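# what's the 3D shape of this:
(one chain, ligands or ions: 1)
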Amino acid sequence: MAVVSRLARSTTFKISSLIPTIISRKFTSSSLTSETTLHSPSSWNDTSNNNGRNPLKLGKGRDVHWVFLGCPGVGKGTYATRLSKLLDVPHISTGDLVRDELASSGSLSPKIAEIVNSGKLLSDEIIVDLLSKRLEAGEAKGESGFILDGFPRTVRQAEILEGVIDIDLVVNLKLREEALLAKCLGRRICSQCGGNYNVACIDIKGDDESPGMYMAPLLPPAECASKLISRADDKEEVVRERLRIYDELTRPVEEFYCKRGKLLQFDLPGGIPESWPKLLHALNLDDHEDDQSAAA
Ligand SMILES: Nc1ncnc2c1ncn2[C@@H]1O[C@H](COP(=O)(O)OP(=O)(O)O)[C@@H](O)[C@H]1O
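So this is what the prediction gives:
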């Protein structure tokens, strides 16, 4: 199996479970359909050109291999989940895989909990193993394509991924720093249904230098209100450490994809009502949503 040997060569550690063929399907120019348009990547990699549009227009029958990057609290999970529903591809969050592993109380759980609750990253070996298992399970169910959220988080992980697949788009979500901490601290999960909410109301006043920003809280329905819990790693000192680690280890991943012409910078203008349509527009998906609403 070519993918297995490619991945084995690209890693110096032993990976018990290898990223399977689901992510080996290379996206080549021959798979572009007549609906696909490609422009010079430099125009949408330019960080001064905020929210430049993704020049890729989705064609029918084409797998999506996308990555979401962004600081803790930026909303990767929220927007990746929405896009996965819209495009009918799995949303794979390594943070969720880690939390599932913790909930399963496996033999590695105490070690994983200690690392996650201190705001540090797990080893590449542990995370690649969790991701490989998830991809294998998806492949067995006939899944194809994915929106990855939370992986890669180090240049090493990006290199491992690059060794087995061409990622066709990396969306880097950006939000003003003063909002990130508040959004993490406001996150709540319903312990019964697993719904995600946010009790933070972000109201940043504008001044001569920058405009104001308002993000309404995403409050739970009455039946969830008394069952809300917070993630153990959403404590202030741990969030600050996660933001520091992002700058140190994940920021270089933005550069990695920027150099390859794959990075789409997207500045979130506010909450979901303002940001979602603009994100769809930047991704060239406005028509896609119209098509879906018409079909519904
Ligand atoms: N790709 C990864 N590499 C290493 N550790 C990871 C990775 N993805 C998730 N984790 C671990 O799981 C934790 C929670 O991940 P996630 O929910 O994505 O957090 P965040 O809200 O900070 O983006 C991380 O702080 C880290 O400890």
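
# hey, let's count contacts and neighbours off CA atoms from now on
OK.

# Distance from the helix ranked longest in the chain to the middle of the chain?
Taking DSSP state H as the criterion, the chain has its longest helix at helix 124-140. With C-alpha atoms, centre = their mean, to the nearest Å as the basis, helix 124-140 stands 16 Å off its chain's centre.

# Break down the stretch 51-200 of the chain into its helices, ranges please.
Taking DSSP state H, counting those that start in this stretch as the test, the helices found in the stretch 51-200 of the chain are 76-87, 94-103, 109-116, 124-140, 155-164, 177-186.

# Asp100 and Gly194, how far apart?
12 Å (C-alpha to C-alpha, to the nearest Å).

# Ok, Val239 next?
Taking C-alpha to C-alpha, one finds Val239 at 21 Å from Gly194.

# Settle it for me: which of those two has more neighbours?
Taking neighbours as other C-alpha atoms under 10 Å, Val239 and Gly194 compare with Val239 leading, 22 against 13.

# Can you tell me the SS state at the more buried one?
At Val239 the chain is in helix, as set by DSSP: H, G, I helix; E, B strand; the rest coil.

# is it true that it touches Arg231?
No. The pair Val239 / Arg231 is not scored as a contact, 10.7 Å apart, by C-alpha atoms under 8 Å.

# related to what we said a few turns ago, to Asp286, which of the helices of the stretch 51-200 of the chain lies closest?
helix 76-87 (10.8 Å; C-alpha to C-alpha).

# got the residues of the protein near the ligand?
72-73, 94-95, 98, 116, 119-123, 127, 150-153, 242 (C-alpha under 6 Å from any ligand atom).

# ok, 8 Å please
Residues of the chain lying near the ligand by C-alpha under 8 Å from any ligand atom: 70-74, 76, 93-99, 112, 115-124, 126-128, 149-154, 157, 184, 233, 239, 242-243.

# Out of the residues you listed, which end up buried?
With burial judged by 16 or more other C-alpha atoms under 10 Å, the buried subset of these is 70-74, 76, 93-94, 97-99, 112, 116-122, 124, 127-128, 149-154, 157, 184, 233, 239, 242-243.

# coming back round to it: would you list the helices of the stretch 51-200 of the chain in TSV and tack on mean pLDDT?
Compiled in TSV, those are given as follows (pLDDT from 0 to 100):
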stretch	mean pLDDT
helix 76-87	95
helix 94-103	95
helix 109-116	95
helix 124-140	93
helix 155-164	94
helix 177-186	93
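
# Minimum distance to Ile272: which of these has it?
Closest among the helices of the stretch 51-200 of the chain, using C-alpha to C-alpha: helix 76-87, at 8.6 Å.

# Helix or strand with the lowest mean pLDDT in this protein?
Across the helices and strands of the chain, mean pLDDT, DSSP states H and E gives its lowest value to helix 2-10, namely a mean of 38.

# Skip the chain neighbours and tell me the closest residue to Val238.
Nearest non-adjacent residue to Val238, counting by C-alpha to C-alpha, 6 or more residues apart in numbering: Gly119, 5.1 Å away.

# so what's the one you found up against?
Asp233, Val238, Val239, Glu241, Arg242, Ile245 (C-alpha atoms under 8 Å, 6 or more residues apart in numbering).

# Identify the farthest-apart pair in those residues.
Asp233 and Ile245, at 13.5 Å, using C-alpha to C-alpha across these.

# buried set for stretch 78-92?
So, applying 16+ other C-alpha under 10 Å, buried residues of stretch 78-92: Tyr79, Ala80, Thr81, Leu83, Ser84, Leu87, Val89, Pro90, His91, Ile92.

# Show me which of the residues you listed is closest to Lys205.
Tyr79 (24.8 Å).

# OK, contacts around that closest one?
The contact partners of Tyr79, by C-alpha under 8 Å, 6+ apart, come to Trp276.

# Please determine how far it is located from the ligand.
Per C-alpha to the nearest ligand atom, to the nearest Å, Tyr79 is found 13 Å from the ligand.

# could you measure that residue against Ala222, distance?
Counting by C-alpha to C-alpha - Tyr79 and Ala222 are separated by 24 Å.

# Would you mind checking the average pLDDT for stretch 247-264?
Mean pLDDT, computed over stretch 247-264, is 97.

# How far does that stretch stretch from one end to the other?
Using C-alpha to C-alpha, the two ends of stretch 247-264 sit 18 Å apart.
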